[in-house]
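**Student:** What follows is a predicted structure for the sequence shown.
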Amino acid sequence: MSLTSEFIIGFFTFFGALSIASALYITRQKNVFYAAVSLAFLGISVAAMIALINTSSYSFYAAFHILLYVGATVVFLTISLVMFRGLNVREISVPWAPVIAVVAGMLIFIDLISSFSGITPSASVSSFSLQTLANDILQNYWFPAIIIIIALLTTMIEAITLARRD
Amino acid sequence: MDTLVSYYGLVVGAILIIIGIYGLLNSKNLVRILLSSEIIFNSAILLVFSGFSLLGRIYIPIVFSIFAVSMALVEAVVAFAAIFLYYRNKKSLEVE
């Protein structure tokens, strides 16, 4: 079943608006627990947008993003916040913050676009295969994979140490 | 049509970066600073997928993002442990 272009653009606009609204809610909400819950909506929106960019190839990553990022990271942050008392944020007013944010955001964006323009476009777009991806990671990117495994192991040790309190 | 959606993704990613930097600058609460950095992380992932999709390269953003999201999980746990220790010592989440 192929999705029509109007359907994809409509859903992309919806999830784009949802992600921006969630991000604004995170930065404006006084209670950080609700802000952390809103981060889950942001993660789901970004995963949906990634899937809509290329439905045949990026759906796998969208599922991975929801499972690992939303299902692990955001749920961990949200549940852990229960340990704190006084989750209300004391508002501060920085008058130059919006200007700095727009200027810094635009500079990062322009830098990114200029970096992309230096990459040669691929002549033929190959279709996605999970087996090819697995072989690629195991053969060409085995060292980063080992680093990730060790980092996740140390995270588990750190969580146990924190839970013991002493 | 994929190209148009990728350009939309670049625009949404740029807006999310601006909101994330604004949240970083406009708060002294450690948890909100961590959440604002997560907004920037999400926008970076979206920008990478949109940019490489325009160039017709499919595997690079997937491999890059799988490692990036795994490291983001580790980073969030380590940052939260640091915040927890700060809260235990200072009894507050506010940065001085």
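**Tutor:** Structure received. In this text, all values refer to a predicted model and were calculated from it rather than measured experimentally.
**Student:** residues in contact with stretch A:92-105?
**Tutor:** Surrounding stretch A:92-105, the residues in contact under the criterion C-beta atoms under 8 Å, 6 or more residues apart in numbering or on different chains are B:Ala14, B:Ile15, B:Ile17, B:Ile18, B:Ile19, B:Ile21, B:Tyr22, B:Leu25, B:Asn26, B:Ser27, B:Lys28. Using the backbone N, CA and C atoms, a C-beta is placed for each residue, glycine as well.
**Student:** Output these in a markdown table; the columns should cover distance to A:Ile119.
**Tutor:** Formatted as a markdown table, the contacts of stretch A:92-105 follow (distance: C-beta to C-beta, whole Å):
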| residue | distance to A:Ile119 |
| --- | --- |
| B:Ala14 | 19 |
| B:Ile15 | 24 |
| B:Ile17 | 20 |
| B:Ile18 | 24 |
| B:Ile19 | 27 |
| B:Ile21 | 25 |
| B:Tyr22 | 30 |
| B:Leu25 | 31 |
| B:Asn26 | 34 |
| B:Ser27 | 36 |
| B:Lys28 | 39 |
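**Student:** can you give me the helices in the chain?
**Tutor:** Assuming you mean chain A. Counting by DSSP state H, chain A forms helices over residues A:5-28, A:32-53, A:55-64, A:75-80, A:97-117, A:130-140, A:142-164, given from the N-terminal end onward.
**Student:** that's the wrong chain, I wanted chain B
**Tutor:** With DSSP H as the criterion, chain B has helices spanning B:2-25, B:30-54, B:59-90.
**Student:** which of the contacts of stretch A:92-105 tops the neighbour count?
**Tutor:** For these, counting by other C-beta atoms under 10 Å in any protein chain shown, the largest number of neighbours falls to B:Ile17: 27 neighbours.
**Student:** for it, what are its contacts?
**Tutor:** Contact partners of B:Ile17, counting by C-beta under 8 Å, 6+ apart, are A:Gly105, A:Ile108, A:Phe109, B:Ile40, B:Ser43, B:Ala44, B:Leu47.
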